[in-house]
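Undergrad: need a 3D model of the sequence below.
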Amino acid sequence: MSQEDEDKDKLTLHLLDWIDAYAAVQEVITKRLADIIHLLSREKFHARGGGERLDVLLLDQRPHPATCKCTPNEKSLNASTDWPLSTNLLQHFSWSVIHESKESDLEEFCLSPTLKEARKMSHNLISLVLEAVNIQGEINHLLEILSQHLSESNEDRDDSFAKMEHTSH
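TA: As a prediction, this is how the structure comes out:
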């Protein structure tokens with residue numbers, strides 16, 4: 001076996017290793033997405049159209065500091081203290097999610113434990129996707145090198161084939 005053939009074999013094995021790594025990361029990404037969807041499915045969302053915006057109420061299974069706000073009179077609902085009293089108020093007012101603007105606003109905007117977990121998982125998901133992109137870049141690089149080797153060996157084969165035909169005439 002020539003040195004060139006050994007190099008191609010090494011490149012091919014290296015490429016297969018990267019493909020395995022890519023498949024493993026994709027599997028983790030798929031599982032992470034399934035976990036996030038499962039977590040979010042445990043939350044209850046109620047939406048109602050009203051005027052220029054859609055009012056959304058997020059009801060968690062257990063009391064926690066509210067993620068919702070009463071829009072008609074701008075009275076905030078503190079779920080940890082008002083939750084038993086507030087459930088019958090839900091029919092009479094329009095509620096909307098208070099959107100988080102930055103990390104320092106977490107005292108005012110408290111996510112339910114389920115949503116906090118989903119958020120943490122989504123941050124991990126971003127790093128997994130970036131890892132998959134990096135692996136894909138390495139795979140593309142190796143494929144380029146292999147295609148160059150293959151085109152060079154095809155040219156060599158064509159040259160030797162042409163020489164054989166020329167000497168046979």
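
Undergrad: tell me which helix or strand Ser151 sits in.
TA: Per DSSP states H and E: Ser151 is located in helix 113-168.

Undergrad: elements contacting that helix?
TA: Judged by 3 or more CB pairs under 8 Å, 6 or more residues apart in numbering; DSSP states H and E, the packing partners of helix 113-168 are helix 3-41. All C-beta spots, glycine's among them, are computed from the backbone N, C-alpha and C.

Undergrad: buried residues, the helix it packs on. List them.
TA: 8, 15, 18, 21-22, 25, 29, 32, 36, 39 (16 or more other CB atoms under 10 Å).

Undergrad: can I get those residues in CSV with pLDDT and distance to His123?
TA: Formatted as CSV, the buried residues of helix 3-41 follow (pLDDT from 0 to 100; distance: CB to CB, whole Å):
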residue, pLDDT, distance to His123
Lys8, 86, 41
Leu15, 92, 31
Trp18, 92, 25
Ala21, 92, 21
Tyr22, 92, 21
Val25, 91, 16
Ile29, 89, 13
Arg32, 86, 11
Ile36, 81, 11
Leu39, 77, 14
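
Undergrad: test my guess that Leu15 contacts Leu142.
TA: Yes. Contact criterion CB atoms under 8 Å: Leu15 and Leu142 qualify, at 4.4 Å.

Undergrad: ok so, going back, closest to Glu155 among the buried residues of helix 3-41?
TA: Glu155 has its nearest neighbour among the buried residues of helix 3-41 in Lys8, at 14.5 Å by CB to CB.

Undergrad: list the contacts of that closest one.
TA: Residues counted as contacts of Lys8 (CB atoms under 8 Å, 6 or more residues apart in numbering) are 146, 149-150, 153.

Undergrad: next, the angle from the helix holding Ser151 to helix 3-41.
TA: For helix 113-168 against helix 3-41, the angle by axes from the mean of the first three to the mean of the last three CA atoms, to 10 degrees is 160 degrees.
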